[in-house]
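The sequence isn't on hand, but the structure is:
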């Protein structure tokens, strides 16, 4: 530096000492500067004061020579000390050159800059607050300084600045938040630690309401929560806990909607701590804000659903997620099915519900409408949350549920939760949900092949609700067009009985087709697609078929199910499948406790409806001869059963056929046919029953079933009565033959169906022979 240059009012000795490499000499020069500036202050010579500061700043602190810069820094600090309380008038000129030195390559010089700024701030105290942002920006850089001495000096300055902010009421939070939002995304650990420490301080200052600006920094806080340093993670976790406590105390001032999507993002984090913390916040948001969170339901479900399948290693996350899921589901109400926006109500802790606000006619009104949400804080006191009217994002929710249900890696508990959601939506918003039924239906049917029984049960509940909801009824629906044929049988009226499952909130009607006029239009479609799926997936029918049908009989009306399936199977072109399906349905009909009432209805055939049902079942049961006989046994049509068995001589007797006869014999010994066995005591009035059983005996080879039936028939009293066939006049049964049933026509139908089966078997056998000749072994 040119020492000959005029630096007045600084003397040449002061200038020479400021440029010296020794700290002691520079310190002596600083004391002389302090004395000089005090004289100017006493004289109120502002011009000279500014001139001294300018010289120290421009000629020394910003000099190219390192010793000159060090001299300039200590000189500026001396000026500040000399100015005392008046230093606030010159802070801009004092601070700026010091902050410039924070970027110096020399660590010693950075340390001296930190020391100088400490002295300046210590003197100015609250006067530095208008310059807080530049100070904070400089300190945030020093916090990450690699030199430990610089870092130590910055920590002293940091503590001083925090003390000033804490004791002052003039801190400009509005101006500070943009800088905080920018700096909070730093990846440096020390810078993160610096940021978190400041947020903790500001959060503890009563006059500073950082909660209003939480949406600005929440994302950054969750970023810091994933830091590799345990200490930083713990500090950040503490900050978030304090914020959450404040939210619970003052929900009226919380901007829930602005933070909802931030939480959704971090609820999907791979880091367990971040995910658990975000989920905990989400749980509190849903409970405190209520229906304000509904527009974000699809995002929340995207985050929540996969977590429901977590194992015990993430038990804490799973528990919080379960609460989130259940609480969110409860927010959906029947009013969401209308086109109007519902008044928002939130329950008070004492059980009273507060309501305010009003609905609007369309969504365009939402932007200008505000609503008071009544809720309660931890003390049970009612608080009011100002927020816009919100509506349910049903389309988004259904899209998320459908996507997760399609995902092959979705866990079992997640699939169950999805189906619970769909069921809940069909209960609460059936009208709007039926807009999505056509897109959901194929996947719901596919889910019946799931490996979990619990998933299948929930899936059946959803399908049953779809099939029975009045909202699914379409005008002019004709099931006969679906199967391509119009059934000319008498319509079957299904009475609603005590055993029929009913929805608690409404009377459920059953309507599926012209034959069962009390189900909606989706019922018959469901039955058709279910049978089609059984046909395409033989293992599903074999392993889960009876289970599925039995559960449907509990959820819906068993008579409707059997009637509709019989109607569909009547026109089934795959005769082998039709026979297998009839065998399955017959086994369910005869053995399932769920069908006790239906068996009793068929047992006596006392009503026109029961006769029509018998005829409907019979026509499809003809696909399986043994099932047809068992149906006749069930309905006590013994003469017709005997007539059918006589026709068996014309059928092709196969191993499968004999196996079915064997099973029928075993079934006759079961409690279901107790009445049939007791009727064997009345030989005179039941000769055809005995003859039918003897017919079965003659069909069987010498086997255990043969011995079992033979022993049963040996117990029939007065066997000599069987030697002569009593004529029709002397045989009078206590049971009247239903006039509605044309048994000759039914027998002809049986022969016709069995001839088709025989023809198909022969065609199949012929094709097999051709293949064997074409490709000999």
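Cool, got the structure. Predicted, not measured: the structure shown is a model, and the values here were computed from it. Numbers count the residues shown, from 1 in each chain.

looking at this, residue 269 is in a helix?
No. Applying DSSP: H, G, I helix; E, B strand; the rest coil, one finds residue 269 to be coil, outside a helix.

which intervals of this protein have sub-threshold pLDDT?
Low-confidence segments of the chain, defined by pLDDT under 70: 1-5, 340-390, 474-518, 718-737, 765-777.

That one: strands as residue ranges?
Under the criterion DSSP state E, strands of the chain are mapped to 345-347, 353-355, 370-376, 382-388.

ranges for the helices of the stretch 1-150 of the chain?
With DSSP state H, counting those that start in this stretch, the ranges of helices along the stretch 1-150 of the chain come out as 12-18, 23-42, 46-55, 66-83, 91-101, 107-124, 132-142, 148-167.

Who are the packing partners of the third one?
When contacts are defined as 3 or more CB pairs under 8 Å, 6 or more residues apart in numbering; DSSP states H and E, helix 46-55 sits against helix 23-42, helix 66-83, helix 91-101. Where you see a C-beta, it was placed from the backbone N, CA and C, and this is true even at glycine.

Need those helices in TSV (columns: mean neighbour count and distance to residue 161).
Listed next are the helices and strands packed on helix 46-55 as TSV, based on neighbours: other CB atoms under 10 Å; distance: least, CB to CB, whole Å:
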stretch	mean neighbour count	distance to residue 161
helix 23-42	17	23
helix 66-83	25	15
helix 91-101	20	12
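
Output those helices in JSON lines, with distance to residue 460 appended to each entry.
Supplementary listing: the helices and strands packed on helix 46-55 in JSON lines, determined by distance: least, CB to CB, whole Å:
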{"stretch": "helix 23-42", "distance to residue 460": "86"}
{"stretch": "helix 66-83", "distance to residue 460": "80"}
{"stretch": "helix 91-101", "distance to residue 460": "71"}
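
To residue 669, which of those lies closest?
For those, distance to residue 669 was read as CB to CB. The smallest value, 99.4 Å, belongs to helix 91-101.

How about residues contacting that closest one?
Taking contacts as CB atoms under 8 Å, 6 or more residues apart in numbering, the residues outside helix 91-101 that touch it are 50, 53-54, 56-58, 61-62, 69, 72-73, 76, 79-80, 87, 109-110, 112-113, 116-117, 120, 124, 127-128, 130-131, 134-135, 138.

by how many degrees do it and helix 132-142 diverge?
Taking axes from the mean of the first three to the mean of the last three CA atoms, to 10 degrees, helix 91-101 and helix 132-142 form an angle of 20 degrees between their directions.

how much does helix 91-101 deviate in direction from helix 66-83?
Here the directions of helix 91-101 and helix 66-83 differ by 150 degrees (the same axes, to 10 degrees).

mind checking how far helix 91-101 is from the chain centre?
Computed by CA atoms, centre = their mean, to the nearest Å, the chain-centroid distance of helix 91-101 equals 56 Å.

Check stretch 288-306 too.
Between the mean C-alpha location of stretch 288-306 and the chain-wide mean there is a distance of 9 Å, by CA atoms, centre = their mean.

what does stretch 238-252 give?
Taking CA atoms, centre = their mean, one finds stretch 238-252 lying 26 Å from the centre of the chain it belongs to.

next one: stretch 95-111
Computed by CA atoms, centre = their mean, the separation of stretch 95-111 from the middle of its chain amounts to 55 Å.

So what would you say the end-to-end distance of that stretch is?
The distance separating the two terminal residues of stretch 95-111, taken as CA to CA, to the nearest Å, comes to 15 Å.

And for stretch 590-600?
With CA to CA, one end of stretch 590-600 sits 11 Å from the other.

Identify the residues contacting it?
Residues outside stretch 590-600 that contact it (CB under 8 Å, 6+ apart) are 497, 499, 546, 550, 553-554, 558-559, 562, 588-589, 630, 634, 667, 670, 672.

Got a quick ChimeraX command for the buried subset of the contacts of helix 91-101?
A single ChimeraX command selects the buried members of those (16 or more other CB atoms under 10 Å):
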select :53,56,57,61,69,72,73,76,79,80,87,109,110,112,113,116,117,120,124,127,128,131,135,138
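
Give the closest residue to residue 164 in space, chain neighbours not counted.
Excluding its sequence neighbours, the residue lying closest to residue 164 (CB to CB, 6 or more residues apart in numbering) is residue 125, at 5.6 Å.

again, but for residue 103
Skipping the residues right next to it in sequence, residue 103 comes nearest to residue 141 by CB to CB, 6+ apart, at 7.5 Å.

How many neighbouring residues does that neighbour have?
Counted with other CB atoms under 10 Å, the neighbours of residue 141 add up to 18.

Residue 164 now?
A total of 21 residues lie near residue 164 under the criterion other CB under 10 Å.

how close does it sit to residue 152?
In this structure, residue 164 and residue 152 are separated by 20 Å, where distance is defined by CB to CB, to the nearest Å.

next one: residue 246
Distance check for residue 246 against residue 152: by CB to CB, it reads 33 Å.

Of the two, which one has the most company?
More neighbours sit around residue 246 than around the other of residue 246 and residue 152, counting by other CB under 10 Å; the figures are 17 against 12.
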